[in-house]
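*Asks:* From the sequence below, what's the structure:
(chains A and B)
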There are 2 protein chains.
Amino acid sequence: MAQMTVVSPNEQVALKFWLSDKGRPMYSMTYKDKPVINPSGLGLELAKDKHASAGENETDLMEDFRIVDQQFSDFDETWRPVWGETSTIRNHYNEMAVTLERADERPMYYGGGGGRPGVGLEMQERRMIIRFRVYDDGIGLRYEFPQQPHLNYFLIKEEHTEFAMTGDHIAWWLPGDYDTQEQVTQQTRLSEIRSRFRQAVNWGNSSVAVFSETGVQTALQMKTDDGLYINIHEAACLDYATMHLELVDAQTKSLSTQLGGGSNAYTPNPKPSPYPLPKPFTFVSHLTPDATGLKGAMQTPCHTPWRTVMVSDDARDMLSSNLILNLNEPCALDDTSWIHPVKYCGVWWEMIVGKSSWNYTDEFPSIHLDNIDWSKAKPNGRHAANNDKVKRYIDFAAKNGLDEVLVEGWNVGWEDWANMWKRDVFDFVTPYPDFDIKMLNEYAHSKGVKILMHHETSSSTQNYERHIKEAFELMNHYGYDAVKTGYVGDIIPRGDHHYSQSMNNHYLYVIKEAAKHHIMVNSHEATRPTGLCRTYPNLVGGESARGTEYEAFGGSNPDHTCILPFTRLQGGPMDYTPGIFETKLSNWSNNTSWARITIAGSLALYLTMYSPLQMAADLPENYEKYDDAFQFIRDVAVDWDDSRYLEAEPGDYITVARKAKGTNNWFIGGKCDENGHQSTIKLDFLDKGRKYECTIYADAKDAHYETNPQAYTITKRTVKKGDTLKLTEAPGGGFAVSIMVK
Amino acid sequence: MAQMTVVSPNEQVALKFWLSDKGRPMYSMTYKDKPVINPSGLGLELAKDKHASAGENETDLMEDFRIVDQQFSDFDETWRPVWGETSTIRNHYNEMAVTLERADERPMYYGGGGGRPGVGLEMQERRMIIRFRVYDDGIGLRYEFPQQPHLNYFLIKEEHTEFAMTGDHIAWWLPGDYDTQEQVTQQTRLSEIRSRFRQAVNWGNSSVAVFSETGVQTALQMKTDDGLYINIHEAACLDYATMHLELVDAQTKSLSTQLGGGSNAYTPNPKPSPYPLPKPFTFVSHLTPDATGLKGAMQTPCHTPWRTVMVSDDARDMLSSNLILNLNEPCALDDTSWIHPVKYCGVWWEMIVGKSSWNYTDEFPSIHLDNIDWSKAKPNGRHAANNDKVKRYIDFAAKNGLDEVLVEGWNVGWEDWANMWKRDVFDFVTPYPDFDIKMLNEYAHSKGVKILMHHETSSSTQNYERHIKEAFELMNHYGYDAVKTGYVGDIIPRGDHHYSQSMNNHYLYVIKEAAKHHIMVNSHEATRPTGLCRTYPNLVGGESARGTEYEAFGGSNPDHTCILPFTRLQGGPMDYTPGIFETKLSNWSNNTSWARITIAGSLALYLTMYSPLQMAADLPENYEKYDDAFQFIRDVAVDWDDSRYLEAEPGDYITVARKAKGTNNWFIGGKCDENGHQSTIKLDFLDKGRKYECTIYADAKDAHYETNPQAYTITKRTVKKGDTLKLTEAPGGGFAVSIMVK
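*Replies:* Sure thing, here's the model as predicted:
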């Protein structure tokens, strides 16, 4: 069987494509001649539409293909992100596009615009293009469906993109789940996923929906025994279901099948896939279903997201790669002048910790928004989003050069907002009586600060879409320019999932509507990002992982932040909300959780967890106790001209130096796991001949994330290009360095 | 067991309530001491919420009740509808409200606003009120759930309201279906429903979703062997699933159970109901499920719709009853001055018949709205909604005193609008290039005519809600004041059904948003109405049954229009679109269907099918051929001060006299089935001493719906109170009479 090969510009990455004996599209991939992906199948299994005539099954796009065209091309372009880790990004790849065709006897629709088509049978050719882009640090592949006479609409039962691993690699994985990724990353061999699976699920999360004991999420970071780092993810997931990976292991009998829903929207097919199981250690794509069990409804011309495999023998390349961004489309917004990086604090942590409440009253057993006279409701005395407190936060932001103040719990409806299947849960425009929206915004603006809007949807997306225009108009009226959205709980309409095609369309709808109103979006509990922030740079942040809030819900492991940049952050920045200084929450609340990090480690996160939106998450009074350390948060930039990953190993340590946008100042952060770390940093990236004032925020000798987290040292010295910094990170600690032009 | 009884004001209808030995609420009903409803159970089966602790099932609201309170009251009020069959309506009933309570060991939720509640167990009392209203012509009953500590949110697995029939009645029924009621009414004994069921389903309809071989729809008209007419329906269905009825017959093993959906939104329970089956000839309520199989998500305080049983020994009382309207809430709109009856014609029938098209072009295999330059698209030459044709219709309307002109196919997207699972199918604001929206509205307004807007949603409700505000703003801008909405095809979000709780909420959302814009709504393919037009009188019409369009899809039976007033019209007016004069469609098109009605019969429908919105559905050129008959359509009123049902028998004949609003003119219509009918009409409702010019449009002697439909006579005479008209209706025919003050 003839193979077609395309290699990366530096020839280190090579990709082969061919058709199997059965006419199934196949590919494999190497890096420096080492196999990365063994021969793996491609294709899509289609669902039968109920509108097809009885007994006529839709035919899959899996086998029986012939190659009718192949196109090779190369591309080399440097583009400038609106914000980012570097001021320019090079997009350099070689491309191969293979046009495949198969002929089938299939139902013929006719009848035109009347909506009552008749059906017959005829031989039909259908074409699909598989496009490969090969970069020096990995590949992207996607399926494209040109507009054509016999492929206009189709329903996806499952996508069968395979990633055959070459061995029993170490993987950093999350349980595959249709609704949440707020879980603890597991580090195991591939062969250990099944036995670890059940304990890996955070069953207490309000939206757990797992589908297989070997199902995992992307971005999936792996490491091979011969030192290759491999990362599987996707790019540009637009109006398509989010992809999970299901591992075929020695015990796999068949792939997980999503049964049909209770409706007759399509013919349920509980039978397993008719295609042979791939070999063990192969990952197979598993898309997120809608309420009927269907994975997607497509109309040509269209294409899937890019399926990506990043590879290197240097872990730092996993972090500096721009492959995901490069596979997204250029900026779709004509005017981006209103988009800016944001450093912010917020009325938030004290509610997360449980010291105060989002809700205003405890008076009512439940809330019908239309029936409450809020001015007469009895305050519970714990409502945080009140005028006095918000003004205090505004004062704090203004004093410390923070751009915005997030205020959660400002709007009515928090009394029974979550997990009640309430559709009409919030209206997004009515403040509680103790939140004077006009006065507070004017007060903030008078001090050069903005309030950051909060729209918790409670996952009632229908309700949010009904109110979104008025909500954004309110924001425009009062001068808000950014919104944090939230999707806690189960999706309404019921049966849908956070990562389905329809929900991915919803998130994009919100981003586009926000852009029309010049509003930046920071989306929590939404689908994991796939680089859409290139196309829509008003998507300045997101959560979609286990954030700092879990430090108040039992805590996260010290290595958590040394994994996220390899996994969650591949798709875009995370609003991790770092900066907890008072790590023992019982010092100021009844919460017995504690953050597994030192203060120096917390400072490091502003560098190692790249985001143009960075929160100083702790309370103002906690920062005031450690004001000398807080100086770093005041100083640190949130947008960059350059970034250099100096050290990295997944789950162990990450060290990065970044050059602040439009300046010659550098900031360096190093973060390590529970074992501590020694860093030796050669300052060879500084300008030659220039002197810098260097301030080092380091763990004290006896610092430890559990026993002594607040032990830090601050030292200043003058440095120049070529100097070396030797820094010791405590267990669960880190360091932060500012290097300012003198 | 103690029974409580409440009787109607005239004491003809009596209702008994008691608790069974197991504590289940029970009722029965009599009319003139004859049993109408045998002892029947009440109650709701609840679904377990996934947020309850594992193993803890939600407890049903079915048995183990005790009576804690009972309240009796009476009510007598006369109200004035904004439009209607009579200028005033008397709402006169006796009421009984029984408060029931049961105690259960149930999960206790705590944790407040944080969304992550903990769970324990405690004894909890829950209360439910069953409210009965007893009228002289029937009863209404509903379940009410007051706000209370231990019943704030609940999920309905099924409502078990029983209606135990007293024998094997004749019924006029449609197959119970979650998505369509555009079917041919079946007339059978109850015992024959099962054997007739499969042939009763119109499997060719695009949205068939039946659930049981003894499932039927409401309003269900029945007749007993001892001459009672019984009608079961519901009133005021707001944010609750539409009710079907499942008949327990001799072969019933268990009630139909809706399995859980593919998601884990709630715990699916494929087990049949644990409650004993009622006796044969009992109907049990069966609610329309959502995509997960769930029947409803409730938050107290709340209540179900009214379940209604109308009864009389005179069929005419079934038609003149205002029980459904009376059980709805009073008008919710402050200002109704903008609401008015509408007589209209439209660019519609020629597309239904297939002579012209909704779509503008046949050029593209499929349409992405954003990607088409419509000005360059190649016209198909069959697009009806073009400037010339619309102007012709406007001229016709102006000349003949019609208020509005419906134009379908005016907006882009009709090329592939139905059954393709397209979410973004229409934008509701972009006209085709040959429809000059500004010019045409100005032209219409200059002639005293309005254009009637058309919003076909293709059942993509998410898309419609996203565009609805701009769509209504466009209507306001150009001076439209009414919209015909359409819901052809399967609901998007996929898995939902036309008659589910969420869809019923959607229709109401549209009505309310329309009212904000002073827009009247005529909703096609929506849920069957339950009298909401009292509360929202801008809901001036609806389809929700097999309308005139089916005369072009194979035809309806001649008795069809003698059944609909007993069934579909119980809930509100129907936009039946009568007035087909050229009944043989092949006379002017390639369509071989033909309308099973005479011209005189068509005229009668303007009286017998009450609606404040009446279409003259045929083509202007067809009307011009029979202009003397068309005079009746010019003359007939569409709003009334009084209505007298003179003759009625379901499926056989209906004769009604109506007094035009604000005048002393009367109009009489008589419509019969395929057997013809002789009417003797005593004009005792005319004013004493007044002379009237009477014009009689009658079937000619040899008229017949099949062989000679266009044979009619027009005679004029002077009449006065007490005169008698003897009129002969041909098979499939009827008559129309105008009686105008001289």
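*Asks:* anything in stretch A:431-443 near chain B?
*Replies:* No: using CB under 8 Å from any CB of the partner chain, we find that stretch A:431-443 stays clear of chain B, coming within 12.2 Å at best. No exception for glycine: its C-beta is placed from N, CA and C like everyone else's.
*Asks:* Any buried residues in that stretch, and which?
*Replies:* For stretch A:431-443, a neighbour-count test (16 or more other CB atoms under 10 Å in any protein chain shown) marks A:P431, A:Y432, A:P433, A:D434, A:F435, A:D436, A:I437, A:L440, A:N441, A:Y443 as buried.
*Asks:* Inside helices: which ones of those residues?
*Replies:* Here DSSP state H is the test, and the buried residues of stretch A:431-443 give A:I437, A:L440, A:N441, A:Y443 as lying in helices.
*Asks:* Now A:Y623. Nearest residue, chain neighbours left out?
*Replies:* Spatial nearest neighbour of A:Y623, chain neighbours left out: A:F630 (4.6 Å); criterion: CB to CB, 6 or more residues apart in numbering or on different chains.
*Asks:* ok but that neighbour is inside a helix, no?
*Replies:* Yes: membership of A:F630 in a helix is supported by DSSP: H, G, I helix; E, B strand; the rest coil.
*Asks:* contacting residues for it?
*Replies:* If a contact means CB atoms under 8 Å, 6 or more residues apart in numbering or on different chains, then A:F630 has A:N400, A:F581, A:A616, A:Y623, A:E624 as its contacts.
*Asks:* Name the SS class of the fourth one, please.
*Replies:* Spelled out, it's A:Y623. helix.
*Asks:* how near is it to B:P578?
*Replies:* From A:Y623 over to B:P578 the distance is 75 Å, taken as CB to CB, to the nearest Å.
*Asks:* Those two: who's more crowded?
*Replies:* Looking at A:Y623 and B:P578 with other CB atoms under 10 Å in any protein chain shown, you find the greater number of neighbours at B:P578, namely 27 against 21.
*Asks:* residue contacts, the more buried one?
*Replies:* By CB under 8 Å, 6+ apart, the neighbours of B:P578 are B:T548, B:S602, B:L605, B:Y606, B:M609, B:Q614, B:M615, B:A617.
*Asks:* can you tell me how far it sits from chain A?
*Replies:* Note on B:P578: its distance to chain A, by CB to the nearest CB, to the nearest Å, is 22 Å.
*Asks:* Remind me which helix or strand that residue belongs to.
*Replies:* Per DSSP states H and E: B:P578 is located in neither a helix nor a strand.
*Asks:* Please identify the residues of the stretch 451-600 of chain A in proximity to chain B?
*Replies:* Checking the stretch 451-600 of chain A against chain B by CB under 8 Å from any CB, the hits are A:462, A:465-466, A:469, A:488-490, A:493-497, A:502, A:505, A:509, A:553.
*Asks:* Which member of those residues is positioned nearest A:D179?
*Replies:* A:H497 (5.4 Å; CB to CB).
*Asks:* Could you find the closest non-adjacent residue to the closest one?
*Replies:* Nearest one to A:H497, counting by CB to CB, 6+ apart, is A:Y178 at 3.8 Å.
*Asks:* OK, contacts around the one you found?
*Replies:* A:A209, A:V210, A:F211, A:T288, A:P289, A:H497, A:H498, A:Y499, A:S500, B:S263.
*Asks:* one more time with 6 Å
*Replies:* Residues near A:Y178 by CB atoms under 6 Å, 6 or more residues apart in numbering or on different chains: A:A209, A:T288, A:H497, A:Y499.
*Asks:* And for A:R546?
*Replies:* By CB under 6 Å, 6+ apart, A:R546 lies in contact with A:E182, A:S556.
*Asks:* count of neighbours near A:D628?
*Replies:* A:D628 has 10 neighbours, counted by other CB under 10 Å.
*Asks:* Likewise for A:R196?
*Replies:* A:R196 has 16 nearby residues by other CB under 10 Å.
*Asks:* can you check A:H517 too?
*Replies:* Using other CB under 10 Å, A:H517 is surrounded by 18 other residues.
*Asks:* residues contacting it?
*Replies:* Counting by CB under 6 Å, 6+ apart, A:H517 makes contact with A:F472, A:N476.
*Asks:* Now A:T655: which helix or strand?
*Replies:* Remark: A:T655 resides in strand A:653-660, with elements defined by DSSP H and E.
*Asks:* what pairs with the very next helix or strand once past that strand, and is each one parallel or antiparallel?
*Replies:* Sequence-wise, the next helix or strand downstream of strand A:653-660 (DSSP H and E) is strand A:666-672. Strand pairing for strand A:666-672, using DSSP bridges, gives strand A:653-660 (antiparallel), strand A:734-741 (antiparallel).
*Asks:* strands paired with the next helix or strand after strand A:666-672, and their directions?
*Replies:* Next along the chain after strand A:666-672, taking DSSP H and E as the criterion, comes strand A:677-682. Using DSSP bridges, the strands paired with strand A:677-682 in its sheet are strand A:724-729 (antiparallel).
*Asks:* tell me which residues in the partner strand are buried?
*Replies:* By neighbour count with 16+ other CB under 10 Å, strand A:724-729 contains the buried residues A:L725, A:L727, A:T728, A:E729.
*Asks:* returning to what we had before: export the ones in helices among the buried residues of stretch A:431-443 to a markdown table and tack on distance to A:A736?
*Replies:* Shown next, in a markdown table, are those (distance: CB to CB, whole Å):
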| residue | distance to A:A736 |
| --- | --- |
| A:I437 | 36 |
| A:L440 | 32 |
| A:N441 | 33 |
| A:Y443 | 32 |
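*Asks:* helices and strands around the helix or strand containing A:A14, which ones?
*Replies:* If you go by DSSP H and E, A:A14 is part of strand A:13-19. Secondary-structure packing of strand A:13-19 (3 or more CB pairs under 6 Å, 6 or more residues apart in numbering or on different chains; DSSP states H and E): strand A:4-7, strand A:25-31, strand A:118-135.
*Asks:* Dump those to TSV, plus mean pLDDT, mean neighbour count and distance to A:C562.
*Replies:* TSV is the format used below for these (pLDDT from 0 to 100; neighbours: other CB atoms under 10 Å in any protein chain shown; distance: least, CB to CB, whole Å):
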stretch	mean pLDDT	mean neighbour count	distance to A:C562
strand A:4-7	97	17	33
strand A:25-31	98	23	23
strand A:118-135	87	18	25
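*Asks:* out of these, nearest to chain B?
*Replies:* Of all the helices and strands packed on strand A:13-19, it is strand A:118-135 that lies closest to chain B, at 9.7 Å by CB to the nearest CB.
*Asks:* Against which helices or strands is that closest one packed?
*Replies:* strand A:13-19, strand A:89-110, strand A:138-145.
*Asks:* Name the stretch among those strands that sits most buried.
*Replies:* Highest mean neighbour count among the helices and strands packed on strand A:118-135 (mean count of other CB atoms under 10 Å in any protein chain shown): strand A:138-145, with a mean of 23.
*Asks:* which stretches of the stretch 251-400 of chain A form strands?
*Replies:* In order along the chain, the stretch 251-400 of chain A carries the following strands (DSSP state E, counting those that start in this stretch): A:282-287, A:296-299, A:302-303, A:306-312, A:342-347.
*Asks:* contacting residues around the longest one?
*Replies:* Yep, that's strand A:306-312 we're talking about. A:31, A:36, A:137-142, A:161, A:229-236, A:321, A:323, A:327.
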